[in-house]
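S.K.: Generate coordinates for the sequence data below:
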Amino acid sequence: MAIFYPQERTALFIDGANLHSTAKALGFDIDYRRLLALFAAKSQLLRAYYYTALMEDQEYSPLRPLVDWLGYNGFTVVTKPAKEQADAAGRRRIKGNMDLELAIDMMEQAEHIDHAVLLSGDGDFKPLVAAVQRKGVRVSVVSTTRSQPPMIADDLRRQADGFIEIADLQAAVARSATP
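M.R.: As a prediction, the model looks like this:
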């Protein structure tokens, strides 16, 4: 479990697609207002970044209402256009990797924060976590080991200073069903 101190300056870095997949694998949806309140109560939350790719050529994107809500409710939303590509078998795939944008923001914020909280289990972030730690910032990772397969890469979990099992936060951050 990660430790938080009331006086420490903290920033959240949310890999939107990864967090969505993690919560879905556990059978719940994230209530972002509650998520923000949870971390704001633990420390001095300076920023909460949310990263996602959006399909620009679609008439309506199911992500658009969420992205708009987040932008008006305390999150710094970082988006870029998703690209549609064909794989080797000719299947259409949507690509919208936000790893680089997240990494740049975390590195830039490192001199202003004491604790970075990464909401992603993507093993590609291990070198980022190590680089931010070398700058004196503690890094906690929020993901799950309780899905099959686990949503967090083992090497990312080992690199992090703390691991927060999102299933343990479900009661605090799950969106309640509307009647």
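S.K.: After the lowest-mean-pLDDT helix or strand in the chain, which helix or strand is next? Please name it.
M.R.: Least confident helix or strand, the chain: strand 92-95 with a mean of 66, by mean pLDDT, DSSP states H and E. For strand 92-95, the following helix or strand on the C-terminal side (DSSP states H and E) is helix 99-109.
S.K.: From the contact counts, what lies against that following helix?
M.R.: strand 9-15, strand 44-54, strand 76-81, strand 115-119, helix 126-134 (3 or more CB pairs under 8 Å, 6 or more residues apart in numbering; DSSP states H and E). Placement of C-beta: from N, CA and C, glycine included.
S.K.: then the first one to PDB, C-alphas only?
M.R.: Read it as strand 9-15. Once side chains and other backbone atoms are set aside, the C-alpha atoms of strand 9-15 remain, and they are given as PDB (Å, rounded to 0.1, in the frame of the first residue of the first chain):
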ATOM      1  CA  ARG A   9       2.500  17.900  -3.100                       C
ATOM      2  CA  THR A  10       0.900  15.200  -5.300                       C
ATOM      3  CA  ALA A  11      -0.200  14.900  -8.900                       C
ATOM      4  CA  LEU A  12      -2.300  12.200 -10.500                       C
ATOM      5  CA  PHE A  13      -1.400  10.800 -14.000                       C
ATOM      6  CA  ILE A  14      -4.400   8.800 -15.400                       C
ATOM      7  CA  ASP A  15      -3.900   6.600 -18.400                       C
END
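S.K.: Can you give the distance of the helix or strand following it from its chain's centre?
M.R.: Once the chain leaves strand 9-15, the next helix or strand it forms, by DSSP H and E, is helix 16-26. Taking the mean C-alpha point of helix 16-26 and that of its whole chain, the gap between them comes to 9 Å (CA atoms, centre = their mean, to the nearest Å).
S.K.: Quick check, residue 7 in contact with residue 115.
M.R.: No: in terms of CB atoms under 8 Å, residue 7 does not count as a neighbour of residue 115; the distance is 10.6 Å.
S.K.: so what sits against both of these two?
M.R.: Taking CB atoms under 8 Å, 6 or more residues apart in numbering as the criterion, residue 7 and residue 115 both touch residue 43.
S.K.: If anything else comes up later, I'll come back, but that's it for now.
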